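A.B. asks: Generate coordinates for the sequence data below:
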Amino acid sequence: MTNHSVILGNVGNFSDRYMGGGYQSDFSLEELFDRVKSIAGVTGVELVSNWHVTAKNVTQVKDNLERTGLKLVSIIPDNFGTKVYGKGAYSSKIAAVRRQAVEETKEMMDVAALLGGELVSLWPGQDGYDYPFQGDYIEERGWFADSVRECCKHRSDTRVSIEYKPKEPRNFSYPSNVSSTLLIVNEVDMPNCGVTIDFGHGAVAGENLAESVAVLKKHGDKLYHVHMNDNYGNWDDDMITGSIHTIPFIEFFYWLKRTNYSGYISTDQYPYREDGRDACNESVRWFEVFEQLADRIDEKQLRNIYSTGNACEVSSFLRKLMFNQ
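C.D. replies: Predicted coordinates for the structure are as follows:
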C-alpha cells in the first residue's frame, strides 16, 4: 500500500540522561546505511541534519544512497538539539535566531533536492514555552508561521512538513496537535506546506490518529509524511510499532488507505536497549501486518456499521478480521 523508510539514526546507538554514551555500539555512516538496507521492504531513509548530513558531506551521503539504492525520503533539520535553539527556533524571541533557523532549513531544502529528495520534515521541539506568562502566544505563533512561510517560498519543488507534539522538550509546544498544526499550515498559506503525523506524538496528545488522518484529508489533503512508533499514552516512549496498540493501528492504516495516502511510512523510534536494526525490522513487519488487515476490510460491511454505529457490531467485525473467530 505504501513505501517504508527508516530514520537513519534509528538503527544506531542511543543515549538517555542516565547513559550518556548509549547502550549500543557506535556505527559509521556507511554501517548505518547498510543496517537500514538489510531490513526487508525498506526502500527509503530519512536523515537528520548535523547528525547525518551537512552541506559538507553531501557527496558522502549521495554515495551511500547510490550504493544502497535507498531513496532520500526527507531531511529533518536539527533545530531542536543545538544550543542556539534552546529557547526556540522559528518562534525564538531573538530575530537573529529565527533567521538562522530559516536559513539552515533552506540549506537543507537545497541539500535534499541535490540528493533526490523532495521533503523536509520540521520537528520544532524547542518552539514553545514552559511557564505561564513566559510567551506571547499570538506574537510567537505569528513568528513561527512567518518563518515556515519563508522556507516554503524558498523552493516550490520541496515540501515543508510540520511534525507536531504536545510536549517535550518544552512543557508546551506550539504545534501541539493536529488541529493547532493545521491552523498554522492555513496561516502559512503555501501549497507546499503540510503536516507530519507521528503516531506516538498524537497518542500523547490524546488523539485518535485515524481521525487525524481524516481531518488532514478533509482540510486540504495536508498529510505529507508519517512517523511510526508506539507508547503507553503518557510519554513519547518511541517503542516498536504494534507493541502496545493494535486496533488503533488497524484503523489508522485503514484511513491511510481510504484517503489514498501515497507517501512514506517511516520508523521513528528510540530502541535504547534493543538492537536498533532489529527493532526497526519489527516495526516494518508490523506495518505489513496492519496494511494486510486494512486490505481485508469489507467496505460494504464497514459502511453498514458506520450507518448504525453499533459498538457490538464493531467488536464482532474486528474479532473476525483479526482472529477469524
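A.B. asks: Which helix or strand contains residue 45?
C.D. replies: strand 42-48 (DSSP states H and E).
A.B. asks: Return the distance of that strand from the chain's centre.
C.D. replies: Relative to its parent chain, strand 42-48 has a centroid offset of 12 Å by C-alpha atoms, centre = their mean, to the nearest Å.
A.B. asks: List the neighbouring strands of that strand plus their orientation.
C.D. replies: strand 3-7 (parallel), strand 71-76 (parallel) (DSSP bridges).
A.B. asks: right, and the helix or strand after the longest one?
C.D. replies: Think strand 71-76. helix 95-114.
A.B. asks: roughly how far out does whichever helix or strand comes after that following helix sit from the chain middle?
C.D. replies: Counting by DSSP H and E, the next helix or strand C-terminal to helix 95-114 is strand 119-122. With C-alpha atoms, centre = their mean as the basis, strand 119-122 stands 9 Å off its chain's centre.
A.B. asks: related to what we said a few turns ago, can you pull the buried residues of the strand holding residue 45?
C.D. replies: 42-48 (16 or more other C-beta atoms under 10 Å). Placement of C-beta: from N, CA and C, glycine included.
A.B. asks: Output it as PDB, nothing but the C-alphas.
C.D. replies: C-alpha atoms of strand 42-48 as PDB (Å, rounded to 0.1, in the frame of the first residue of the first chain):
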ATOM      1  CA  VAL A  42      12.600  -0.700   3.300                       C
ATOM      2  CA  THR A  43      13.200   1.500   0.300                       C
ATOM      3  CA  GLY A  44      13.900   4.900   1.800                       C
ATOM      4  CA  VAL A  45      15.800   6.600   4.500                       C
ATOM      5  CA  GLU A  46      15.400   9.900   6.500                       C
ATOM      6  CA  LEU A  47      18.400  11.900   7.600                       C
ATOM      7  CA  VAL A  48      18.800  14.500  10.400                       C
END
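A.B. asks: who's in contact with that strand?
C.D. replies: If you take C-beta atoms under 8 Å, 6 or more residues apart in numbering as the criterion, strand 42-48 is touched by 3-9, 33, 36, 53, 61, 65, 69-76, 78, 121, 264, 266, 280, 284.
A.B. asks: ok, residue 113 touching residue 158?
C.D. replies: Yes: at 6.0 Å, residue 113 counts as touching residue 158 under the criterion of C-beta atoms under 8 Å.
A.B. asks: Who has more neighbours out of those two?
C.D. replies: residue 158 (21 against 15; other C-beta atoms under 10 Å).
A.B. asks: What residues does the residue nearest to the more buried one when sequence neighbours are not counted make contact with?
C.D. replies: Nearest residue to residue 158 in three dimensions, chain neighbours excluded: residue 109, at 4.6 Å (C-beta to C-beta, 6 or more residues apart in numbering). With contact taken as C-beta under 8 Å, 6+ apart, residue 109 is in contact with 75, 120, 151, 154-155, 158, 160.
A.B. asks: Can you list phi and psi of the residue nearest the centre of the chain for me?
C.D. replies: Closest to where the C-alpha atoms of the chain average out (C-alpha atoms, centre = their mean) is residue 227, at 3.5 Å. In terms of degrees, to the nearest 10, the main-chain angles of residue 227 are phi -110, psi 140.
A.B. asks: Make sure residue 250 is actually in contact with residue 318.
C.D. replies: Yes: assessed by C-beta under 8 Å, residue 250 is found in contact with residue 318 at 7.3 Å.
A.B. asks: ok, which stretches of this structure are helices?
C.D. replies: 29-37, 58-68, 95-114, 137-154, 178-188, 199-204, 209-218, 247-258, 276-296, 299-308, 311-323 (DSSP state H).
A.B. asks: Next, give phi and psi for the closest residue to residue 288 other than its chain neighbours.
C.D. replies: Sequence neighbours aside, residue 41 is the residue nearest to residue 288 in space, at 6.6 Å (criterion: C-beta to C-beta, 6+ apart). Per-residue torsions, residue 41: phi 90, psi -10 (degrees, to the nearest 10).
A.B. asks: Among the contacts of residue 109, which pair sits farthest apart?
C.D. replies: 75 and 154 (13.5 Å; C-beta to C-beta).
A.B. asks: The two: which has the busier surroundings?
C.D. replies: A direct count of neighbours by other C-beta under 10 Å for residue 75 and residue 154 places residue 75 higher, at 25 against 16.
A.B. asks: gap between residue 81 and residue 241?
C.D. replies: In this view, residue 81 and residue 241 are 24 Å apart by C-beta to C-beta, to the nearest Å.
A.B. asks: Which of these two has more residues huddled nearby?
C.D. replies: residue 241 (27 against 14).
A.B. asks: Would you confirm that that one contacts residue 249?
C.D. replies: Yes: between residue 241 and residue 249 there is a contact under C-beta under 8 Å: 7.1 Å.
A.B. asks: Show me the common contact partners of the two, please.
C.D. replies: 199, 286.
A.B. asks: neighbours around the residue nearest to residue 288, how many?
C.D. replies: Residue 41: 11 neighbours (other C-beta under 10 Å).
A.B. asks: Got the confidence number for it?
C.D. replies: Residue 41 is assigned 97 on the pLDDT scale.
A.B. asks: try the one 10 residues further on
C.D. replies: Taken from the predicted model, the pLDDT recorded for residue 51 is 95.
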